[in-house]
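> Got a predicted structure plus its sequence, pasted below:
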Amino acid sequence: MQQGPGPGGPQFGYDQNQGPNPWAAKAAEDAVKAKKLVSLSRWLLLGGCAVMFGGCGGGIALQFGPLAIGGSIVGILVIIAASIVGSVGRGMQGRII
């Protein structure tokens, strides 16, 4: 037969002597993931701009219209992906505007 809370019985709830809070480790992992997502979004933005302007400039220089149009479209899609990844990362950090 189990005894209720008290001396000799099982303790219910959080005890100060149990050790570290298990949620603290999860919060630390989420903070690292959020920081990586924000960093990834910056790299995607730079890459998207390079593809957009490089594809457009290369297509004009080579006088090949599909390269200019295709490079611009791919660059814009990468920039959109960067904005989504950055928004998720900032949301995980609590910095949503």
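Sure thing, it's come through.
> State the helix or strand in which the residue lying closest to G47 once chain neighbours are set aside lies.
Distances taken as CB to CB, 6 or more residues apart in numbering put V78 closest to G47, at 6.0 Å, once the chain neighbours are dropped. Heads up, the C-betas are built off the backbone N, CA and C, glycines and all. Using DSSP states H and E, V78 maps to helix 65-93.
> Extract the C-alpha set from stretch 52-62 and format it as CSV.
Coordinates of each C-alpha in stretch 52-62 appear next as CSV, following Å, rounded to 0.1, in the frame of the first residue of the first chain:
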residue,chain,number,x,y,z
MET,A,52,19.6,36.3,-59.6
PHE,A,53,22.1,39.0,-60.7
GLY,A,54,24.7,36.5,-62.0
GLY,A,55,22.1,34.7,-64.1
CYS,A,56,20.6,37.9,-65.4
GLY,A,57,24.0,39.4,-66.2
GLY,A,58,25.3,36.2,-67.7
GLY,A,59,22.2,35.9,-69.9
ILE,A,60,22.6,39.4,-71.1
ALA,A,61,26.3,39.1,-71.7
LEU,A,62,25.9,35.8,-73.7
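> So for it, what gets flagged as buried?
52, 55-56, 59 (16 or more other CB atoms under 10 Å).
> for these, which one is nearest V32?
M52 (30.4 Å; CB to CB).
> and the closest one, what does it touch?
For M52, the contact set (CB atoms under 8 Å, 6 or more residues apart in numbering) comprises 71-72, 74-76, 78-79.
> I appreciate the help and will end here.
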